[in-house]
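*Asks:* Next input, structure requested:
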Amino acid sequence: MTGPRHFADIDAMDGDTLRDILEGAKALKKARAGKGQAAPDAGAPLAGKLLAMIFEQPSTRTRISFDVGMRQLGGETIVLNGQDLQLGRGESVADTARVMSRYVDAIMLRTKSHAVLEELMAHATVPVINGLTDLTHPCQLMADVMTFEEHRGPITGKVVTWSGDGNNMATSWIQGAARFGYALRLACPPELQPSDRAVDWARRHGADVSVGSDPEAAVDGADCVVADAWVSMHDDPNSDRHNMLARFRVDERLMSRANADSVFMHCLPAHRGEEVTDAVMDGPQSVVWDQAENRLHAQKGILAWCLR
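*Replies:* You can find the predicted model right below:
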């Protein structure tokens, strides 16, 4: 008997499977043309299925996109936070996983600790989806690749630049370089470099990943420029991060060094004037709203794969 199909991280899956999920997401998006958001997909492939969504952190895009996506596929959702569960009163993650597996068909978790995700997967008998941890954000990476390819064609062989904190989203971009075949240049302050473990893993798997601290050099000739918030929910807001990251701000001058047809990406929420200026965020190269929409479609592809 095989175990459940978890969607844990980009590095936990092979490139062919990830590509199949993306192609499924693209087909689901295309099939919705002209339909209202509430209309179910043809055949309602997940009719009768229930997704539990657990949030240890606030969420806009993850919560709404998974909820709407599951409903469009014909299923239903239940939303829980840490205060709703006995987890907050000492029940183990393992016991919670065992109980929830008797009630629902899949679990999506947004957690402060990657270890919680791993323990949940180890003991759940239904699929578990990583909706974000302190280490990675794979659902967003899937939406980002989907968005790039809608605008600029296959991402394989293209150059992606990350400018800013080497955070959980940066780690998913690093893992994606090995699975989708793009070259990744990361420009980060010396104090906020990306995970050595992730970079080493990606290089062992043939990825072209470079890490430095010069955003201008990293952006030169890029096909895609990516930024993210300087202070994430798990970071200390009183640290010196703003001073460390000021020269990594994506403004018109920095963006002009990328290829003329490059795109700008941000997973949102954005702090305008910090990691990105209004001129770039609202400019002709920005695809941030398409990214946000594609969270819905990419996650529908993930849900369909997990519950196929």
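*Asks:* Quick check: closest non-adjacent residue to D11.
*Replies:* Computed as Cβ to Cβ, 6 or more residues apart in numbering, the closest residue to D11 that is not its neighbour in sequence is Q175, at 4.4 Å. The C-beta positions use only the backbone N, C-alpha and C, and glycine is treated the same way.
*Asks:* Per-residue pLDDT of that neighbour, please?
*Replies:* As summarised for this prediction, Q175 has a pLDDT of 98.
*Asks:* element containing it?
*Replies:* helix 168-180 (DSSP states H and E).
*Asks:* Compute the distance from the centre of that helix to the centre of its chain.
*Replies:* How far helix 168-180 lies from its chain's middle: 10 Å, per Cα atoms, centre = their mean, to the nearest Å.
*Asks:* Repeat that for stretch 248-267.
*Replies:* From the chain centre to the centre of stretch 248-267 is a distance of 20 Å (Cα atoms, centre = their mean).
*Asks:* Rounded mean pLDDT for it, please.
*Replies:* Rounded mean pLDDT across stretch 248-267 is 98.
*Asks:* what does stretch 46-64 give?
*Replies:* pLDDT averaged over stretch 46-64 gives 95.
*Asks:* Pull out the buried residues from it.
*Replies:* Judged by neighbour count using 16 or more other Cβ atoms under 10 Å, the buried positions of stretch 46-64 are 46, 49, 51-57, 59, 61-63.
*Asks:* Where helices are concerned, which of those residues count?
*Replies:* Judged by DSSP state H, helices contain the following of the buried residues of stretch 46-64: R61, T62, R63.
*Asks:* Please name the residues that touch the nearest residue to the first one once chain neighbours are set aside.
*Replies:* Once its chain neighbours are removed from consideration, R61 has its nearest residue in R295; the separation is 5.2 Å (Cβ to Cβ, 6+ apart). Going by Cβ atoms under 8 Å, 6 or more residues apart in numbering, R295 touches R61, T62, S65, C139, Q140, A143.
*Asks:* coming back round to it: give the other helices and strands that the helix holding Q175 contacts.
*Replies:* When contacts are defined as 3 or more Cβ pairs under 8 Å, 6 or more residues apart in numbering; DSSP states H and E, helix 168-180 sits against helix 15-31, helix 138-152, strand 159-163, strand 183-187, helix 196-204.
*Asks:* And the strands in this protein, which stretches?
*Replies:* 50-55, 76-81, 106-110, 128-132, 159-163, 183-187, 209-212, 224-227, 263-266 (DSSP state E).
*Asks:* remind me which residues of this structure are low pLDDT?
*Replies:* Residue ranges of the chain with pLDDT under 70: 1, 86-89, 233-239.
*Asks:* Dead centre of it: give me the residue that sits there.
*Replies:* Taking Cα atoms, centre = their mean, the centroid of the chain lies closest to Q140, which sits 1.9 Å from it.
*Asks:* How about that one, nearest residue that isn't a chain neighbour?
*Replies:* Nearest one to Q140, counting by Cβ to Cβ, 6+ apart, is C267 at 4.8 Å.
*Asks:* any idea how far that neighbour lies from A187?
*Replies:* Distance of C267 to A187, given as Cβ to Cβ, to the nearest Å: 17 Å.
*Asks:* just Y103 next, same as before
*Replies:* 46 Å.
*Asks:* cool, L296 as well?
*Replies:* As judged by Cβ to Cβ, L296 and A187 stand 30 Å apart.
*Asks:* returning to that earlier point: could I get the strands of the chain in TSV, plus columns for distance to D251?
*Replies:* TSV is the format used below for the strands of the chain (distance: least, Cβ to Cβ, whole Å):
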stretch	distance to D251
strand 50-55	33
strand 76-81	37
strand 106-110	31
strand 128-132	27
strand 159-163	10
strand 183-187	14
strand 209-212	19
strand 224-227	10
strand 263-266	11
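*Asks:* Quick one: closest of those to E150.
*Replies:* Nearest to E150 among the strands of the chain is strand 263-266 (9.9 Å), distances taken as Cβ to Cβ.
*Asks:* And the contacts of stretch 76-90?
*Replies:* 49-56, 63, 66-67, 70-71, 91, 93, 96, 104.
*Asks:* then it to PDB, C-alphas only?
*Replies:* Taking Å, rounded to 0.1, in the frame of the first residue of the first chain, the C-alpha atoms of stretch 76-90 are listed here in PDB:
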ATOM      1  CA  GLU A  76     -15.400  21.800   0.500                       C
ATOM      2  CA  THR A  77     -13.100  23.400   3.100                       C
ATOM      3  CA  ILE A  78     -12.800  23.900   6.900                       C
ATOM      4  CA  VAL A  79     -10.600  26.600   8.200                       C
ATOM      5  CA  LEU A  80      -8.800  26.300  11.500                       C
ATOM      6  CA  ASN A  81      -6.200  28.300  13.400                       C
ATOM      7  CA  GLY A  82      -3.900  27.400  16.300                       C
ATOM      8  CA  GLN A  83      -6.400  28.600  18.900                       C
ATOM      9  CA  ASP A  84      -9.100  26.300  17.400                       C
ATOM     10  CA  LEU A  85      -7.100  23.100  17.900                       C
ATOM     11  CA  GLN A  86      -5.800  21.200  21.000                       C
ATOM     12  CA  LEU A  87      -2.300  21.700  19.500                       C
ATOM     13  CA  GLY A  88      -2.300  25.000  21.400                       C
ATOM     14  CA  ARG A  89      -3.000  23.100  24.600                       C
ATOM     15  CA  GLY A  90      -0.400  20.500  24.400                       C
END
